[in-house]
Structure formats: C-alpha cells, structure tokens
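1. Have a look at this prediction, sequence included:
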Amino acid sequence: MNQTCHTLSIIIPAYNEEKTIAELLQRVLDADLGEGIDRELIVVNDCSTDSTGRIVQSFIAAHPQAPITYLVHDRNQGKGMAVRTGIQAVTGNYVVMQDADLELDPNDFARMLPHLLSGQYRVVYGSRFLAEENSHTYFSYQLGGKFLSVMTNLLYDQRITDEPTCYKMFDAGLLKSIPLDCKGFEFCPEVTAKVSRLGYKIKEVPIRYYPRSIEEGKKLRLRDGLKAIGTLLKYRFWKKNVQ
C-alpha cells in the first residue's frame, strides 16, 4: 500500500539577504522532512535593494527541478505582507515560515510535522527556549521573547515559551481561512492571537537556534517589540472578529 504523501509549503520572505539566501535555499531543499513528505519553497522578495533577487534567480536556474516558486514585490512592504503574498501561493497541506537567514535549522521541521500529521494539533511552534543548549546573542531579545510569551499565555490561555519564533507551522486550510492585517513583523503576534481566539491550542517542540547579530543583518528592533505588545492587546480586547 502506498503511503499518503503530504506537502509542506515553506514560505521564505526575503529582504536584502544576499549573504545567506543561497545557502538557506540549499539547506531547505536538503532538509530531511521524513517519509511521505514533499516540499514546495515559496520565496517572496520584498523589493530587495541588494543582490538577493539575482542570487535567487541564479539558484533556480541552477536547480531547474527544485520546487521553488519565486514572487517579487515591486516595492518594499514588510515581512507581514511578504508572508501574506506567500500564503496566496500555497498549494501544500501544511505551511511553515522560514526566514532567509541561517538562524534556524530546517531539519527541525521533521520534529514539528508529526504533531500536525497526527491530527491532534493544527498549529505547531518551534521553541528556541525549550532547547537548553541554545545561546542568545542579546539578553534584551531573550527577555522580550519571554515577555511576549507570558503575555500571550495570560491573554489567550496558551502555554507557550516562544511566541515570536519564526518557526510557526499550520494546517494550510486553517491559515488560509484567517484574514491577516499585518504588514511588518507583527505577523507573529497577529496570527498567534487569531488562532488562539479560534480555540486552537499551540503545540511547541524544541528547535536549534544560531542567532546572528545586528551587524550580521538582524532586523528586529525595540519598536517591533512594542508593536507586538500592541498587537496582542488589540486582538484580545478591540478587534474581536478573526474570520
């Protein structure tokens, strides 16, 4: 009997990631997702001003059989808009976000997928804090991530340790059914708030983390953390329609 095959759609928003994008794409293509799992890569170039676009196109040309969809914004709109563009192109059963840097290991998708395949969960997050061996470049980032997680747990009755994690994996039908308003990094708190408001419990698994510094291209700033706090509050108390 043939095993049922599922497809994981991997959305990769990219803005000025010329130093890492080629290696990242190769790592995602090479990642072991487990038996019966296909993949599709959806790269969304958010109007990069460096060589990101040329590098992606060269990579696709050198890997003609690779399942890569390449989309380009004609103006910079933010990570949230890039993710939303990517969601529209999804054809797989499951969806996960992958930043275009090298901070996370796509082999960890294999740790997350079984919880969706079991049917017990429709949302799985990879937690950087559940793996004790992980290091964190900045104490302020670590503290901010823990604060957002505690806030999420209090406001939305969850039990998670890493709300702002990039590795958020969803049942594709669920994610496509949720209207998103985000344009920037507030995608994370918005989608967390909305799946929570719909009554879904978020499963967490430990993932590996190799943080980069601001000098190496890390883009998150204090204003993004403050916006995340505001987003969690907004969808808990003011904007209550999530579908």
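-> Yes, it's here. Residues are numbered from 1 along each chain as shown.

2. Ignoring the adjacent residues along the chain, who's closest to residue 174?
-> Leaving aside its sequence neighbours, residue 174 sits nearest to residue 122 (C-beta to C-beta, 6 or more residues apart in numbering; 5.0 Å). (Each C-beta comes from the backbone N, C-alpha and C, glycine too.)

3. That neighbour contacts residue 200, correct?
-> Yes - using C-beta atoms under 8 Å, residue 122 is in contact with residue 200, at 5.6 Å.

4. the more surrounded of the two?
-> In this view residue 122 and residue 200 are compared by other C-beta atoms under 10 Å, and residue 122 has more residues nearby, 21 against 16.

5. Quick one, grab the pLDDT at the more buried one.
-> The model reports residue 122 with a pLDDT of 98.

6. Could I get the contacting residues of it?
-> 116, 170-171, 174, 195, 200 (C-beta atoms under 8 Å, 6 or more residues apart in numbering).

7. mind checking how far it is from residue 199?
-> Counting by C-beta to C-beta, to the nearest Å, the gap from residue 122 to residue 199 is 10 Å.

8. residues contacting the most centrally placed residue in the chain?
-> Closest residue to the average C-alpha location of the chain: residue 97 at 2.5 Å, with C-alpha atoms, centre = their mean. Neighbour list for residue 97: 10-11, 13, 83, 166-168, 187 [criterion: C-beta under 8 Å, 6+ apart].

9. Recalculate using a threshold of 6 Å.
-> Residues in contact with residue 97 (C-beta atoms under 6 Å, 6 or more residues apart in numbering) are 11, 166, 168.

10. can you check residue 7 too?
-> Neighbours of residue 7 in contact, by C-beta under 6 Å, 6+ apart: 38, 92-93.

11. buried subset of those residues?
-> 92-93 (16 or more other C-beta atoms under 10 Å).

12. Let's have the contacts of residue 7 in CSV, adding secondary structure, pLDDT and distance to residue 45.
-> Shown next, in CSV, are these (DSSP: H, G, I helix; E, B strand; the rest coil; pLDDT from 0 to 100; distance: C-beta to C-beta, whole Å):
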residue, secondary structure, pLDDT, distance to residue 45
38, strand, 97, 23
92, coil, 98, 20
93, coil, 97, 25
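
13. just checking, next helix/strand downstream of the longest helix along the chain?
-> Determined from DSSP state H, the single longest helix within the chain is helix 139-156. With elements assigned by DSSP states H and E, the helix or strand that comes after helix 139-156 is strand 168-171.

14. Between the contacts of residue 7, which sits nearest residue 101?
-> Nearest to residue 101 out of the contacts of residue 7 is residue 92 (C-beta to C-beta; 22.5 Å).
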